[in-house]
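K.L.:
What shape does this take:
(4 chains)
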Protein chains: 4
Amino acid sequence: MRVGVLTGGGDCPGLNAVIRAAVRKGVQEYGYTFTGFRDGWRGPLEGQVVPLDIPAVRGILPRGGTILGSSRTNPLTAVDGVRRIKENLAKYEVDALIAIGGEDTLGVAARLSDEYGVPCVGVPKTIDNDLSATDYTFGFDTAVNIATEAIDRLHTTAESHMRVLVVEVMGRHAGWIALHSGLAGGANAILIPEQRFDVAEVCGWVESRFKVRYAPIVVVAEGAMPKDGQMVLKDGSLDSFGHVRLSGVGEWLAKEIERRTGQEARTTVLGHVQRGGTPSAFDRWLATRFGLHAIEAVRDQAYGAMVALRGTDVVRVPLAEATAKLKTVDPRLYAEAGVFFG
Amino acid sequence: MRVGVLTGGGDCPGLNAVIRAAVRKGVQEYGYTFTGFRDGWRGPLEGQVVPLDIPAVRGILPRGGTILGSSRTNPLTAVDGVRRIKENLAKYEVDALIAIGGEDTLGVAARLSDEYGVPCVGVPKTIDNDLSATDYTFGFDTAVNIATEAIDRLHTTAESHMRVLVVEVMGRHAGWIALHSGLAGGANAILIPEQRFDVAEVCGWVESRFKVRYAPIVVVAEGAMPKDGQMVLKDGSLDSFGHVRLSGVGEWLAKEIERRTGQEARTTVLGHVQRGGTPSAFDRWLATRFGLHAIEAVRDQAYGAMVALRGTDVVRVPLAEATAKLKTVDPRLYAEAGVFFG
Amino acid sequence: MRVGVLTGGGDCPGLNAVIRAAVRKGVQEYGYTFTGFRDGWRGPLEGQVVPLDIPAVRGILPRGGTILGSSRTNPLTAVDGVRRIKENLAKYEVDALIAIGGEDTLGVAARLSDEYGVPCVGVPKTIDNDLSATDYTFGFDTAVNIATEAIDRLHTTAESHMRVLVVEVMGRHAGWIALHSGLAGGANAILIPEQRFDVAEVCGWVESRFKVRYAPIVVVAEGAMPKDGQMVLKDGSLDSFGHVRLSGVGEWLAKEIERRTGQEARTTVLGHVQRGGTPSAFDRWLATRFGLHAIEAVRDQAYGAMVALRGTDVVRVPLAEATAKLKTVDPRLYAEAGVFFG
Amino acid sequence: MRVGVLTGGGDCPGLNAVIRAAVRKGVQEYGYTFTGFRDGWRGPLEGQVVPLDIPAVRGILPRGGTILGSSRTNPLTAVDGVRRIKENLAKYEVDALIAIGGEDTLGVAARLSDEYGVPCVGVPKTIDNDLSATDYTFGFDTAVNIATEAIDRLHTTAESHMRVLVVEVMGRHAGWIALHSGLAGGANAILIPEQRFDVAEVCGWVESRFKVRYAPIVVVAEGAMPKDGQMVLKDGSLDSFGHVRLSGVGEWLAKEIERRTGQEARTTVLGHVQRGGTPSAFDRWLATRFGLHAIEAVRDQAYGAMVALRGTDVVRVPLAEATAKLKTVDPRLYAEAGVFFG
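P.N.:
Predicted coordinates for the structure are as follows:
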């Protein structure tokens, strides 16, 4: 049995841990051999491979990034994409494919598996934690830790200067990083994409915080939007992933707070530091378990399945179902956090 | 409504986060007032209180330890313990009690609530993660992160000197910290209290690691024991919690590995650094949610209940049930890790 | 003897460590009493004081910020500023003043001491490390560590996507943070205010990095400027410190690199996280020693002096001299780093 | 010109940074080629080499350990040692040797250079910072940061349980790590090898700390000894470096404090975590500069010299002088710290 592995989409701490676990278990317990495909779906599409054996995965557990490279290539929109993938899998004698990625990468895996009979197993990966079929995705905990540390640091500079600090964190469509890091960092307001915010209300929280002689921290997800439609996007261009750039809400909000409250406000955009570097212990553990269970799924020929975390168990769910719906923040969960606002 | 709060047992990052969340929600949403009892059950037993209001909980979220102090006092074994507690609750006009602690502290809360009608709500706390009714307890993730960082550091010194490094982590009766940090840190052997280890097998893993020119890291829980009964405890004395001191397995094992394999071996005992200091983001989030839900339980007069994490939900379980059984590592989960040994 | 203490200017990890050390030594060894002045020179100007004794400084060593607050108030430009300060010092019976701050705060101390006979001792503080009389200022090492950690994380996301990452760090007039964190983080280009950069040369380094299949990290100080004068400032407004905002070079550079090389480029602006939070061990040690030696200077009535680090010794230098000249990066030191560019 | 490089002695964060900087500068600026010798002096003695070029040093800057391996081999005590080294240098056409190491490794380099005409340049390395010719050695700052973080964590567990915590840090013959981390961590007593401590005095500090309702942290260097000669060494065996094991003072002291004061006391021995893992920014910067200047010394044929830090300059000193005397803690510096005891 020869197993192909690819990683697609944005960077996410834990990718290497999945690869390592899958290779260790596949080789040692079942005698499988492995082929690494380079740069996401571009690898099987264009036949770009790298050797993948036990020496290749030594020492990669604590490293961020992915030794296989990544891309946003979508083979289903490429000319003859499916045929070329099948030919390359045949050429390299790959019997099953483990695709590690987010909504897009796994959506391709779902269709290749269900519609075209390509034997795929999926491993969910999104820093944003917005895949509905799993309690958590790896990378999320690392991002939340980094954001929380930054908020810890910003508290003291806010206090020293009695200044509002707006922290923009990742989360285009879901506010999980904002919610978790905002709660963990003791933010005085948390703004998420799921619920349009009222600038006047945010300014109210800011002012009530100053009244007790403390300086407020506002955590805002990059995809959060004000209610009143006043926000002018800094930049309407498309990013490399084909999404409209929504960055800019943090800076916009700081200026709006200054204008309305007269309090000095500053913005920090955490950006890519949230998705690079060594994974947290939780993410290494989760990614490792996902890698082990992906190999079990291959052994069981459970193609079309994705591994997922439910409580403390790793289970299998249909790929198609897993990628159908975005997991957004439950309004009740968000309401729970409201007690800390202001 | 006046709510008493106490923290009992060993130190655990996140205790202050629970206290803060409970006070913030209780005061702001329900208009409750609070009384802090000092040093675990000693507080209500001896009537030692501290003021507990919103200013008192400002800034404590990121701090380790507990602003209320802690102890191992068991009021059920004290003369007239139950009566004195009832008298002190009456004296301070406390209507409900939130007890934050581990097996012992919550066991007292269960009996006070169920047998003596003292209105208690429990919040589970154990660094060891060995309470059966909840997926995780706060403090555990922090401990695992600290242990994993230490293992990361020890890898390089092991490699530079081609030396075995034995890392002894917390876990008297359950191997959760060893299992998670060992997996996350890329250990070459993980030894847990749930399963007696075979020194010869451990030495085999050590030797197979040297064969590929890498130096092995062995993670051992403080409560792990060898199969062959050869281990001589360094110290049979009782610690402050009344348990026999089992420390010493790490040092014993390093000497045994040296003796059997001829390879140089060293031990690092992580000790108390695992349980102090600022909580990880996950632990702050979990502790905060436990605090919020404990207040909800008080509002619902759900006395005799403990809050618990199930998947991503915080639920209520009977205190009595929650403290009845130790949550040990499932043998299948431990077997899963075996692929990385050697 | 009663000693006044004030902290002025921007936030900087280590301020509290200075205050604590001065108070501990002053009270315990010489029986001094202390008065804290609030918010920099505004404190003595407006007579705003806070109690400052041993209980007040307990536990503040590891905390960022300053328990005394800070401001950019310049009493020399205030109506009757010097007279009001003298009156307030007399009113609170303050015999000597320890002023902890940067160029502006210490410049005031120098003039008050030399021209108006106000007994001042200075402690240098600047995150930018650009005070000429001392080898290092506290806060700098913390900032460099934070920036280096961020660069470490950004390397992996740069590699995974084969993308240029531009990291903008602090340093309006001096490139010390950029130089140190760029060297420590393994940057492929470091751009500092002391030397205008050639965008074409930077693009050359970027391209040579891609040629060996690695992705480049460019570290740029916020005050760095291109040679060709093409840069359009994002924002010509004044910040709270009266300086023109020079932020924006990072974003400008990333766009310029994209335009010229065709490679995708992203910017991360580290911002205020560099100056908040707990100080590094070096900064706690340096700040503590500065506090101890400031008290020695007070005891010796060495008014008009500033404490400074020379090698491993803390010495005294005239305040006037210390604030006369900005310490910029030596061109030879910058040239030394050039071997790592590209 | 072909340059040999070797690393000897104990592990120390920053070794790889020296190697990388030397190779980058040597290859790129002077066109040198390099030969890596394995495992300290064993490499040139036994002719064990590894390739050392620019690809070999990619990515090693942030990694602890040494890609060249290390040992305590002393070629001067080996049969025909000098002749064999000369033969191997000739065989591999090595024109100059950069020896990175501590007192022992550099002592060999000094004699080889001065007495036998082997062209050596030295780079000082000791985690203990006890080499007299340089202000700092790399690795020290990392160790102090790790110890300080541990002390930060231990404070909270000490406070929660009102318990004495004794922290044993590295430092057999010099107390630099204890002094710096003790000051930075806010220890209530710091005990160093340079000055025998009085257990009664330590107990006095412990008790005075409890009187203000705080729990004391005692930092003790592994080589510190009590005045009264009561201490019984746990273990008289020799370690791999030929020194008598002095570990055990921490545990002994905790028991002695318990016995004399009646307060509960615990020990944490930080051990090898202090010398592994990624270097701090300061250590990466210092090690990088040492590497660059070592190549300059080779270019200038300044054999018999060692690079050293003086203030912010890297200078050259004679190897023989540099290794002649241990740099211990100045009694006045230690006295300065005394204000924080108790």
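K.L.:
alpha carbons only for contacts and neighbour counts from here, please
P.N.:
Will do.
K.L.:
residues in contact with the least confident helix or strand in chain A by mean pLDDT?
P.N.:
Lowest by mean pLDDT, DSSP states H and E among the helices and strands of chain A is helix A:319-322, with a mean of 90. Residues outside helix A:319-322 that contact it (Cα atoms under 8 Å, 6 or more residues apart in numbering or on different chains): A:106-107, A:109-111, A:121-122, A:131-133, A:304-306.
K.L.:
How about A:Ile85, nearest residue that isn't a chain neighbour?
P.N.:
Excluding the flanking residues, the one nearest A:Ile85 by Cα to Cα, 6 or more residues apart in numbering or on different chains is A:Leu45, at 4.8 Å.
K.L.:
Quick one: neighbours of the one you found, just the number.
P.N.:
With neighbours defined by other Cα atoms under 10 Å in any protein chain shown, the count for A:Leu45 comes to 25.
K.L.:
same question, A:Gln195
P.N.:
Neighbours around A:Gln195, by other Cα under 10 Å: 16.
K.L.:
what does A:Tyr116 give?
P.N.:
Counted with other Cα under 10 Å, A:Tyr116 comes out at 13.
K.L.:
distance of it from chain C?
P.N.:
When distance is defined by Cα to the nearest Cα, to the nearest Å, A:Tyr116 is 29 Å away from chain C.
K.L.:
before we move on, what about A:Pro119?
P.N.:
Taking Cα to the nearest Cα as the measure, A:Pro119 falls 26 Å from chain C.
K.L.:
And A:Arg58, by the same measure?
P.N.:
Spatial separation of A:Arg58 from chain C under the definition Cα to the nearest Cα is 17 Å.
K.L.:
Can you name the residues that contact A:Ile146?
P.N.:
A:Ile146 makes contacts with A:Val273, A:Gln274, as judged by Cα under 8 Å, 6+ apart.
K.L.:
repeat that with 6 Å
P.N.:
For A:Ile146, no contacting residues are found, by Cα atoms under 6 Å, 6 or more residues apart in numbering or on different chains.
K.L.:
Am I right that it is in a helix?
P.N.:
Yes - residue state for A:Ile146 (DSSP: H, G, I helix; E, B strand; the rest coil) corresponds to a helix.
K.L.:
returning to what we had before: would you double-check that the residue nearest to A:Ile85 falls in a helix?
P.N.:
Yes - when three-state DSSP is applied, A:Leu45 is found to be in a helix.
K.L.:
Against A:Met306, how distant is it?
P.N.:
As judged by Cα to Cα, to the nearest Å, A:Leu45 and A:Met306 stand 21 Å apart.
K.L.:
could you say which helix or strand contains A:Val3?
P.N.:
Using DSSP states H and E, A:Val3 falls within strand A:2-7.
K.L.:
Would you mind giving the secondary structure of the nearest residue to A:Glu336 once chain neighbours are set aside?
P.N.:
Computed as Cα to Cα, 6+ apart, the closest residue to A:Glu336 that is not its neighbour in sequence is B:Leu292, at 7.8 Å. Assigned with three-state DSSP, B:Leu292 falls in the helix class.
K.L.:
Hmm, B:Leu292 is touching B:Arg24, no?
P.N.:
No - in this structure B:Leu292 lies outside contact range of B:Arg24 using Cα atoms under 6 Å: 8.4 Å.
K.L.:
before we move on, back to that, out of the contacts of helix A:319-322, which one sits closest to C:Gly9?
P.N.:
The shortest approach to C:Gly9 among those belongs to A:Leu131, at 45.8 Å (Cα to Cα).
K.L.:
Now the phi/psi pair for the closest residue in space to A:Gly40 that isn't next to it in sequence, please.
P.N.:
Taking Cα to Cα, 6+ apart, and ignoring the residues beside it in sequence, A:Gly40 has A:Gly8 as its nearest neighbour in space, at 4.1 Å. Here the main-chain torsion angles of A:Gly8 (degrees, to the nearest 10) amount to phi -120, psi 160.
K.L.:
Residues touching stretch A:259-268, excluding its own?
P.N.:
By Cα under 6 Å, 6+ apart, the surrounding residues in contact with stretch A:259-268 are A:Arg163, A:Val164, A:Leu165, A:Val166, A:Val167, A:Glu251, A:Ala254, A:Glu258.
K.L.:
Tell me, how many residues neighbour A:Ala302?
P.N.:
18.
K.L.:
Not counting sequence-adjacent ones, nearest residue to it?
P.N.:
Spatial nearest neighbour of A:Ala302, chain neighbours left out: A:Val121 (7.2 Å); criterion: Cα to Cα, 6+ apart.
K.L.:
Okay, now the sheet partners of the helix or strand containing the one you found, with direction.
P.N.:
Applying DSSP H and E as the criterion places A:Val121 in strand A:120-124. Looking at strand A:120-124 with DSSP bridges, its paired strands and their directions are strand A:96-101 (parallel), strand A:305-310 (parallel).
K.L.:
any chance of these in a markdown table, plus mean pLDDT and mean neighbour count?
P.N.:
Rendered in a markdown table, the data for the strands paired with strand A:120-124 read as follows (pLDDT from 0 to 100; neighbours: other Cα atoms under 10 Å in any protein chain shown):
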| stretch | mean pLDDT | mean neighbour count |
| --- | --- | --- |
| strand A:96-101 | 98 | 26 |
| strand A:305-310 | 98 | 25 |
